[in-house]
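Asker: Next input, structure requested:
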Amino acid sequence: MAKDPVDELTEFLQPEARVDLKHIALDYLLGLSGTEDGINFLVQKERVLSNIIELTEDTVEEISKNATLVLVNISANENGALEILKYKPTLKKNIIELFLGYVFDPNKKHADAVCMALTNITRASKALEITIETFLEHLNNILIVFANTNFNKQGSHLDYLAPLLSNLSCNPRICKWLVEENPHNTLIKILPFCNYPKSNIRRGGAIGVIRNLSFDTVYHNFLLSDDLDLLTYILTPIIGNEEYADDEMDSLPISLQYQPKEKQREADIDIRIMILETLNQLCATRYGRETLRKNGVYYILREYHKWEKNPKALLACENVVDILIQKEEEVGAEDLSKVDVPQEMNEKFRKMDEDFINT
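Answerer: Got it, this is the predicted structure:
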């Protein structure tokens, strides 16, 4: 019986194998991992996966780079991510700790690819639950590295730490840590990146963290506290250079008043929608609604609605405006997240939204 070609590659993936043979083997595996069938095949090869992971530490740059890229591809598949998590490093507690060690090394050349693999792994809820303890132990260091855009000295930008943080903030324990571990100082490391001009990956990840926190109304008073100035950070991307009446201008946060003529709105539609979804979530509580009204959010959304062309974004905008224009007695609930909406009404609203977007 002919041997499996992947099994035959195992001897070429040993750390002591000739460099040219490791190149050939990894090039083949990189192509194989680019397809779903290839990933499903590779995850059955425990020894091959172990060898690939060990080669991420190879002293030859191209070898370690390609090994890491294979893992990026495999981790994009949920089963692949779960298989990777089974690997037990010799000197580290688990593979997450191994990968974070690469990220925390300022001289690691392929730290960006490692960040991508970590982001892929944490995208699946099951994998996130498995890894949460390790991430909690290192969360403070992740934030320190994330906030220092010049941390890596070998050209890695570490932008994918932002979607990693966004994925992590889907877990209630991470949310609690972000809000309670070091109040205000923790989120202040993240909020400036809501408007980071050099990377939409960082902007999207930062907004994603805030959106995930906003889903829990327990955090609304904290998020909207004066110490954070959160509304300034999340409204800046969607405000334009329009002129407002004096009374309207006076209601806006100070730093949003009198925007320069060259001010442009966020170009990424996904980020704009995330911002609108965050505002919608903040409207769940009476305190949130009153804070948004007091800070002139309606006026900003009124002008934004005139500019926006995407139907999903327009619908998300209108969902917020529909709440803000109501008086509290018309809203009829302190916390809208606790209102029980019948299933048939949910289905009706979903159908209405679909019709709006399609037409």
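Asker: Check which element follows the top helix by length along the chain along the chain.
Answerer: In the chain, taking DSSP state H as the definition, the longest helix is helix 125-147. The first helix or strand that comes after helix 125-147 along the chain, using DSSP states H and E, is helix 161-168.
Asker: Check what contacts that following helix and list those residues.
Answerer: Here helix 161-168 makes contact (Cβ atoms under 8 Å, 6 or more residues apart in numbering) with 103, 115, 118-119, 122-123, 128, 132, 135, 139, 142-143, 145-146, 174, 190, 193, 199, 201-206, 208-209, 212. Backbone N, C-alpha and C define where each C-beta goes, glycine included.
Asker: Mind checking which of those are in helices?
Answerer: 103, 115, 118-119, 122-123, 128, 132, 135, 139, 142-143, 145-146, 174, 201-206, 208-209, 212.
Asker: Please convert the buried members of those residues into ChimeraX selection syntax.
Answerer: In ChimeraX, a selection of the buried entries from these looks like this (16 or more other Cβ atoms under 10 Å):
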select :103,115,118,119,122,123,128,132,135,139,142,143,145,146,174,201,202,203,204,205,206,208,209,212
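Asker: circling back: pLDDT (mean, whole number) over the longest helix of the chain?
Answerer: The predicted model gives helix 125-147 an average pLDDT of 96.
Asker: Then stretch 60-77?
Answerer: For stretch 60-77, the per-residue pLDDT averages 95.
Asker: again, but for stretch 283-295
Answerer: 95.
Asker: got the CA positions of that stretch in CSV?
Answerer: Extracted in CSV, the C-alpha atoms of stretch 283-295 (Å, rounded to 0.1, in the frame of the first residue of the first chain):
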residue,chain,number,x,y,z
CYS,A,283,-30.4,53.2,24.1
ALA,A,284,-31.6,50.2,26.0
THR,A,285,-31.5,52.0,29.4
ARG,A,286,-33.1,55.2,30.3
TYR,A,287,-29.8,56.6,31.5
GLY,A,288,-28.3,55.7,28.1
ARG,A,289,-31.1,57.3,26.1
GLU,A,290,-31.0,60.5,28.2
THR,A,291,-27.2,60.7,27.9
LEU,A,292,-27.3,60.3,24.1
ARG,A,293,-30.0,63.0,23.8
LYS,A,294,-28.1,65.4,26.0
ASN,A,295,-25.0,65.0,23.9
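Asker: May I see the buried residues of that stretch?
Answerer: Buried-residue list, stretch 283-295, by 16+ other Cβ under 10 Å: 283, 284, 285, 288, 289, 291, 292, 293, 295.
Asker: isn't residue 312 right next to residue 273, touching?
Answerer: Yes. Residue 312 sits in contact with residue 273 when judged by Cβ atoms under 8 Å, with a separation of 6.0 Å.
Asker: Low-confidence stretches in the protein?
Answerer: 1-7, 332-359 (pLDDT under 70).
Asker: Show me the strands in it, by range?
Answerer: Secondary structure of the chain (DSSP state E): no strands located.
Asker: in it, which residue is closest to the centre?
Answerer: residue 163 (2.6 Å; Cα atoms, centre = their mean).
Asker: quick one: contacts for residue 69?
Answerer: Residue 69 sits next to 30, 113 when contact means Cβ under 8 Å, 6+ apart.
Asker: Distance check, it against residue 26.
Answerer: Distance of residue 69 to residue 26, given as Cβ to Cβ, to the nearest Å: 9 Å.
Asker: Next, count neighbours for the closest residue to residue 60 other than its chain neighbours.
Answerer: Here the nearest residue to residue 60 in space, its sequence neighbours aside, is residue 19; by Cβ to Cβ, 6 or more residues apart in numbering that works out to 5.7 Å. Residue 19 has 12 neighbours, counted by other Cβ atoms under 10 Å.
Asker: Repeat that for residue 67.
Answerer: Counted with other Cβ under 10 Å, the neighbours of residue 67 add up to 25.
Asker: Could you list which residues are in contact with it?
Answerer: Residues near residue 67 by Cβ under 8 Å, 6+ apart: 26, 52, 53, 55, 56, 58.
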